[in-house]
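1. Just need the structure, nothing else, for what follows:
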Amino acid sequence: MSQAAKSPRTQTSTVPPERTAGGRAAAQRLKMRRELAAAAMELFATKGYEATTVDEIAARAGVARRTFFRHFRSKEEAIFPDHDDTLVRAEAVLNAAPAHEHPLDTVCRGIKEVMRMYAAQPEISVARYKLTREVPTLREAEIASVARYERLFTRYLLGHFDEHAHHDAANDDPLLAEVAASAVVTAHNHVLRRWLRAGAQGDVEAQLDHAFAIVRRTFGTGIAGRPVDEPQPTTATATGDVLVAVARTDAPLDEIMRTIEGALKERG
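-> Residues are numbered from 1 along each chain as shown. All right, here's what the predicted structure looks like:
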């Protein structure tokens with residue numbers, strides 16, 4: 001009887017053991033990456049970026065050199081420990097989007113994962129921002145990370161055009177998707193930089209929502225449901241064309257959006 005009484009309990013768990021173990025391993029991995037990143041930031045602040053070695057970072061974190069290289073390929077990567085995991089979370093937001101949600105709103109929710117990554121450790125984020133302004137190599141690494149998010153959002157938006165409403169023979173879909181994704185990323189980065197320059201003070205999520213509202217008003221009609229009687233956007237006539245719009249980094253976001261919009265119109 002005691003055996004029978006125990007058997008149902010062994011079947012109550014709905015979480016596979018390997019998933020639980022995998023979750024623990026992922027948490028431990030992220031914890032180690034953050035500890036290495038914190039050690040790197042401390043040394044960069046005291047010794048300077050160029051003078052700091054991987055061996056010193058590993059020693060400060062209390063691990064062996066080989067442990068460092070299990071998590072990062074170089075010391076440049078060590079100050080961006082969360083981007084890989086954040087990219088996965090952003091993609092999960094896109095994949096789980098409800099059918100009724102406007103695709104641009106989905107993308108805006110996705111990139112909020114990036115802002116939350118920075119907001120989770122504001123002091124480190126501010127120090128990292130200052131450091132990337134001083135070290136060109138780190139700035140390039142940061143730009144490469146941002147490009148990964150932009151490619152993810154471009155692919156998502158490109159898959160959410162309404163083929164019945166969008167019937168322009170010039171095939172503007174790739175241009176619209178790329179410009180809209182770029183606008184979302186630009187809005188995010190504009191708010192993020194302003195927040196970091198202010199020492200990570202203020203309600204950054206509210207500021208981000210305001211910025212996204214501007215993007216939605218500017219580009220929202222181009223994705224998944226543009227009315228058939230709405231004027232069609234300016235075309236880019238050659239595959240691989242690049243749109244270049246120049247604006248001050250301290251310009252208001254609505255001015256940046258108007259600059260992008262004006263650059264599109266000039267292509268006609």
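
2. what about the helices in the stretch 51-200 of the chain?
-> For the stretch 51-200 of the chain, helices defined by DSSP state H, counting those that start in this stretch occupy the ranges 54-61, 65-71, 83-95, 103-120, 122-134, 136-158, 173-197.

3. Let me know which of the ones you listed is the nearest to Arg34.
-> Between Arg34 and the helices of the stretch 51-200 of the chain, the shortest gap by C-beta to C-beta is with helix 122-134, which sits at 8.6 Å. For glycine as for every other residue, the C-beta is placed from the backbone atoms N, C-alpha and C.

4. of the helices of the stretch 51-200 of the chain, which approaches Glu35 most closely?
-> Among the helices of the stretch 51-200 of the chain, helix 54-61 sits nearest to Glu35 (C-beta to C-beta), with 5.1 Å.

5. in the closest one, what's buried?
-> Buried residues in helix 54-61, counting neighbours by 16 or more other C-beta atoms under 10 Å, are found at 54, 57-58, 60-61.

6. same question, stretch 71-80
-> Within stretch 71-80, the residues scored as buried using 16+ other C-beta under 10 Å are 71-72, 75-80.

7. what's the neighbour count on the nearest residue to Pro103 once chain neighbours are set aside?
-> Excluding its sequence neighbours, the residue lying closest to Pro103 (C-beta to C-beta, 6 or more residues apart in numbering) is His160, at 4.0 Å. By the criterion of other C-beta atoms under 10 Å, His160 has 18 neighbours.

8. Report the separation between His160 and His102.
-> To His102, His160 is 9 Å away according to C-beta to C-beta, to the nearest Å.

9. and if you look at Leu30?
-> 32 Å.

10. can I get the helices of the stretch 51-200 of the chain in a markdown table with distance to Ala45 and mean pLDDT?
-> Formatted as a markdown table, those follow (distance: least, C-beta to C-beta, whole Å; pLDDT from 0 to 100):
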| stretch | distance to Ala45 | mean pLDDT |
| --- | --- | --- |
| helix 54-61 | 12 | 95 |
| helix 65-71 | 18 | 93 |
| helix 83-95 | 21 | 92 |
| helix 103-120 | 18 | 92 |
| helix 122-134 | 6 | 89 |
| helix 136-158 | 13 | 89 |
| helix 173-197 | 16 | 89 |
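
11. Out of those helices, which is closest to Gly23?
-> When those are compared by C-beta to C-beta, helix 83-95 sits nearest Gly23, at 12.4 Å.

12. From the contact counts, what lies against that closest one?
-> Contact partners of helix 83-95 among helices and strands, from 3 or more C-beta pairs under 8 Å, 6 or more residues apart in numbering; DSSP states H and E: helix 103-120, helix 136-158.

13. got the angle between it and helix 103-120?
-> Interaxial angle, helix 83-95 versus helix 103-120 (axes from the mean of the first three to the mean of the last three C-alpha atoms, to 10 degrees): 150 degrees.

14. Just the buried positions in helix 83-95, please.
-> For helix 83-95, the neighbour count (16+ other C-beta under 10 Å) marks 83, 86-87, 90-91, 93-94 as buried.
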